[in-house]
Each structure stands twice: as structure tokens, then as C-alpha cells.
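> With the sequence up front, the predicted model follows.
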Amino acid sequence: MVHEELEALKSNGRLWRFQVSCLRYCSFVHMHHHAEDMDFFDELEETNPAIGPVVARLRAEHHAVSGYLDAVEAAARALSKDESHDARRAVVDALEVLEGNLLAHLEYEELNIASTARRLRDLQSSVTTKSEERR
């Protein structure tokens, strides 16, 4: 009974909530980058073949960011067995590395694909409008 109550308290604690939120965020970024790599970037290159070097860099950055996400996930999971200052510091350190690299990646992505993404959106909108007009 006491063990169950302690587990219930632990699963509602701040550290546990932080760990779960951290793992969810990492999972979301992994899925988002996978979707971009599998679908979106190909569409960008079809819309604007000159964007190839930008897409190549973004894909390489996705690979690097994946490693930083993995490090955050490993450090966050370790909190289940070790809640010490050192274990918490490992999460903070991993998050700081992720932050610097992910923010730089997002800035580069925003600056370099925005116009092509708008063009892609406009082309898709135009195709949808023409398709609806034919009905």
C-alpha cells in the first residue's frame, strides 16, 4: 500500500511531469523532421530545383538534431532511476546543446525555404481551385 502511494506521488511530481513532457517534445520533433525529410523537402525541390543545397543542409541538420534529441531522451529517462543533481544537470546540459543547434536550424530553415514554401502553397491552392471549378 505505501509503495503504491509513493509511486502515485512520484508519477504526479514535477520531475516526472518534466520527464514526460521532455520525452513528448523530443518525439514530436523526431516525427516532424521525419515528415519533412520524407515528403515536404521533395515537394520543395520539385517546386524549386535550385533549393537542393538548402534541402541537403536541412536533412544533414535533421540527422544531427536527432542525435541531440536522443541525448536529451536518454538523460530524461535516466531520471527514473537517478534524481541526483548530476542526473538533472545532464538533462540541462543536453537541453542546452539541443537548444543552440535546433534554434540555429530553425532560423536557417525559415530564412531559406519560406519563399519556396509559399510558392508551393500557392501552387497547391491553385490546383485545388481548378479542380473544384471542374466539378
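Yes, it's here.

> okay, CA-based contacts and neighbour counts for the rest of this
OK.

> Would you map the helices across the chain?
Secondary structure of the chain (DSSP state H): helices at 2-11, 14-35, 41-47, 52-78, 85-134.

> Kindly reformat those as CSV containing mean pLDDT and mean neighbour count.
Listed next are the helices of the chain as CSV, based on pLDDT from 0 to 100; neighbours: other C-alpha atoms under 10 Å:
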stretch, mean pLDDT, mean neighbour count
helix 2-11, 56, 11
helix 14-35, 93, 15
helix 41-47, 91, 17
helix 52-78, 97, 18
helix 85-134, 85, 14
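
> Report the separation between the residue most central in space within the chain and E46.
In the chain, the centroid-proximal residue (C-alpha atoms, centre = their mean) is V29; its distance is 1.6 Å. V29 sits at a distance of 24 Å from E46 (criterion: C-alpha to C-alpha, to the nearest Å).

> Check V91 too.
Note on V91: its distance to E46, by C-alpha to C-alpha, is 40 Å.

> ok, now how distant is the residue nearest to R59 when sequence neighbours are not counted from V55?
Leaving aside its sequence neighbours, R59 sits nearest to D37 (C-alpha to C-alpha, 6 or more residues apart in numbering; 6.5 Å). From D37 across to V55, the span is 9 Å (C-alpha to C-alpha).

> Q19 now?
32 Å.

> Same check on A75?
30 Å.

> Check V65 too.
According to C-alpha to C-alpha, V65 and V55 sit 15 Å apart.

> and if you look at A74?
Note on A74: its distance to V55, by C-alpha to C-alpha, is 28 Å.

> now R89
Distance of R89 to V55, given as C-alpha to C-alpha: 34 Å.
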